[in-house]
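[1] The sequence and its predicted three-dimensional model are supplied below.
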Amino acid sequence: MSFKTLDDLPVNLTGKVALVRVDLNLPMKDGSATDLTRVEAVKPTILELADKGAKVLMLAHFGRPGGQRSSVLSTSMVVGDVEAVLGREVMFIPEIAGPVVEKSLTIFGPGDIGLLDNTRFWPGEEANDPALAKAIAAHGDFYVNDAFSCAHRAHASTEGLTHYLPSYAGRSMEAELKALDAALGAPEMPVAAVVGGAKVSTKLAVLENLLGRVQHLIIGGGMANTFLAARGVNVGKSLCEHDLAETAARIMDEADAKGCTIHLPYDVVVAKEFAANPPSLRVCNVHEVAADEMILDVGPQATEALADVLKTCRTLVWNGPLGAFETEPFDAATVALARTAAALTQEGSLISVAGGGDTVAALAQAGVSADFSYISTAGGAFLEWMEGRILPGVAALEA
């Protein structure tokens, strides 16, 4: 994958206007953001451009206003949070194109930073209307996309602008694309993938895309129960998509044909009820699950065997927990395997890339967020990348 980055811009950008697509769709409570991770992610790009003298205009969406203005969904709601992270004053501009933006730029000096209003207030944004993209582009000299989390959408501010302005990947986007390329684009082999979650139906495209790309496919969560059932295992009252047994069997056959080993648990943690530390909790072989029990985590022996698999690999891509990690002690397998992957990464023998909301939360719970090679906070975009789909916002940046 070849794309231009900020390194391809001149050192001195004085007098130039940078239109920068960022993700400021922050979780809010009582009018304040509860998590500033997304602002932290774009901080290096915004400050680098400002420090080089550019006038920086940030483009972002906020919620789902459906093409209508809404005071509670204006990006003005997050200006204070953005200023706190950047350590700079940010001017709010209540439009994304036209005379108001033009007039605002006349009072901007080199290095000044502005935030345009919610791009989704305009119906042309989600429709990727060329006229809107052209109107926005009229205010800029170049475009920077630093919002990988929005790159799976072909919107005016993520794809349309690239047709009218020289386009570059911001630092966050650059890091994400390099990490993803290292994970599945041109990875060091052998490659292992951990795919967990409740349902096979939501990850079918992921599994099918991975079969020809990885040598080890570790399946966890409720998904593993469906595969176990396809192998004739009685999984009791576990979460299981019995109607997908044939699909699971086909995937296992395809994996064999492509030289991919599918790893399923052979010992499991079960209980009669899903609650924290239930009295009925026990560890057993998968063939010993009672009719009134449910599988809630991978067992300790299987977890240790999976750790041994990772020790033979050079690359790991992870999406989804191995068990019902939100409730103790059903987080044990996820935490243990995550710590193994982190330790291997830190010693330099494994490149580890993870993503997805539950995965990010699980790795944070394991205390290893800083020890993986890269953790993507992009939910939908990361999943679509794992499915092998072309992401419009990324494809538009390719040189």
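    Looks like it came in fine. Residues are numbered from 1 along each chain as shown.
[2] residues in contact with L165?
    Contacts for L165 (CB atoms under 8 Å, 6 or more residues apart in numbering) come out as L19, A137, G140, D141, F142, Y143. Where C-beta positions appear, they are placed from N, C-alpha and C, glycine not excepted.
[3] one more time with 10 Å
    Listed by CB atoms under 10 Å, 6 or more residues apart in numbering, the contact set of L165 reads 17-19, 133-134, 136-144.
[4] Over to S74?
    S74 sits in contact with F62, G63, P65, F92, P94, D117, N118, F121, where contact means CB under 10 Å, 6+ apart.
[5] again with D7
    Residues near D7 by CB under 10 Å, 6+ apart: Y168, A169, R171, E174.
[6] Same question for F325.
    196, 220-221, 296-297, 331-335, 338, 358-359, 361-363, 365-366.
[7] Residues in a beta bridge with the nearest residue to L161 once chain neighbours are set aside, which ones?
    Distances taken as CB to CB, 6 or more residues apart in numbering place Y143 nearest to L161, at 4.7 Å, with adjacent residues excluded. Counting by DSSP bridges, Y143 is bridged to L19, S167.
[8] wait, Y143 sits on L6?
    No - Y143 is beyond contact range of L6, at 12.0 Å (criterion: CB atoms under 10 Å).
[9] so what sits against both of the two?
    With CB under 10 Å, 6+ apart as the test, Y143 and L6 both reach A18, Y168.
[10] the more surrounded of these two?
    Y143 (25 against 19; other CB atoms under 10 Å).
[11] What's the separation between that one and L310?
    Look at Y143 and L310: by CB to CB, to the nearest Å, they are 40 Å apart.
[12] Thought A192 was touching I219, still the case?
    No - the pair I219 / A192 is not scored as a contact, 11.6 Å apart, by CB under 10 Å.
[13] Of those two, which one has the most company?
    Between I219 and A192, counted using other CB under 10 Å, I219 has the larger neighbour count: 28 against 25.
[14] so the more buried one bridges to which residues?
    Counting by DSSP bridges, I219 is bridged to V195.
[15] quick one, what contacts it?
    193-197, 200, 203, 207, 225-228, 248, 251-252, 262-265, 298, 320, 322.
[16] List the buried residues in the helix or strand hosting L105.
    According to DSSP states H and E, L105 maps onto helix 99-106. Across helix 99-106, burial judged by 16 or more other CB atoms under 10 Å covers V101, S104, L105.
[17] next helix or strand past the least confident helix or strand in the chain by mean pLDDT?
    Lowest on mean pLDDT, DSSP states H and E among the helices and strands of the chain sits strand 32-33, with a mean of 86. Downstream of strand 32-33, the next assigned helix or strand under DSSP H and E is helix 37-51.
[18] ok, back up a step: select only the buried ones of the contacts of F325 in ChimeraX?
    This is the ChimeraX syntax for the buried subset of the contacts of F325, where burial follows 16+ other CB under 10 Å:
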select :196,220,221,296,297,331,332,333,334,335,338,358,359,362,363,365,366
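[19] what do I219 and A192 both touch?
    In contact with both I219 and A192: H263, using CB under 10 Å, 6+ apart.
[20] for the stretch 201-350 of the chain, what spans make up the strands?
    216-219, 261-263, 267-271, 282-285, 294-298, 315-319 (DSSP state E, counting those that start in this stretch).
[21] which of those is buried the deepest?
    strand 294-298 (a mean of 27; mean count of other CB atoms under 10 Å).
[22] and that one, what other elements does it pack with?
    Secondary-structure packing of strand 294-298 (3 or more CB pairs under 10 Å, 6 or more residues apart in numbering; DSSP states H and E): helix 221-230, strand 267-271, helix 300-310, helix 332-346.
[23] Let me know which of those is the nearest to D181.
    helix 332-346 (17.1 Å; CB to CB).
[24] Just list what that closest one packs against, helices and strands only.
    Using 3+ CB pairs under 10 Å, 6+ apart, the elements in contact with helix 332-346 are strand 191-195, strand 267-271, strand 294-298, helix 300-310, strand 315-319, strand 351-355, helix 357-365.
[25] make it 7 Å
    strand 294-298, helix 300-310, helix 357-365 (3 or more CB pairs under 7 Å, 6 or more residues apart in numbering; DSSP states H and E).
[26] Which of these has the lowest mean pLDDT?
    Lowest mean pLDDT within the helices and strands packed on helix 332-346: helix 357-365, a mean of 88.
[27] next structured bit after that one?
    Of the helices and strands lying after helix 357-365 in sequence (DSSP H and E), the nearest is strand 374-376.
[28] continuing past that following strand, what's the next helix or strand?
    With DSSP H and E, the next secondary element past strand 374-376 is helix 379-386.
[29] Tell me, what's the model's pLDDT at the residue nearest to L161?
    Predicted confidence (pLDDT) at Y143: the value is 98.
[30] Isn't it up against H163?
    No - with contacts counted by CB atoms under 7 Å, Y143 stays clear of H163, the gap being 9.8 Å.
[31] thinking again about what came up before, now pLDDT and neighbour count too, for the contacts of D7, in a markdown table please.
    Compiled in a markdown table, these are given as follows (pLDDT from 0 to 100; neighbours: other CB atoms under 10 Å):
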| residue | pLDDT | neighbour count |
| --- | --- | --- |
| Y168 | 98 | 26 |
| A169 | 98 | 28 |
| R171 | 98 | 21 |
| E174 | 96 | 22 |
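[32] Identify, from those, the entry nearest to R314.
    E174 (22.6 Å).
[33] Skipping its backbone neighbours, what lies nearest that closest one in space?
    The shortest distance from E174 to any non-neighbouring residue, by CB to CB, 6+ apart, is to T5 (4.9 Å).
[34] ok now do A97, which residues does it touch?
    A135, I136, A138, H139 (CB atoms under 7 Å, 6 or more residues apart in numbering).
[35] Neighbours of A198, how many?
    When neighbours are counted by other CB under 10 Å, A198 registers 17.
[36] Tell me if A182 really is in a helix.
    Yes - per DSSP: H, G, I helix; E, B strand; the rest coil, A182 lies within a helix segment.
[37] I figured it hits S352, correct?
    No - in terms of CB under 7 Å, A182 does not count as a neighbour of S352; the distance is 9.9 Å.
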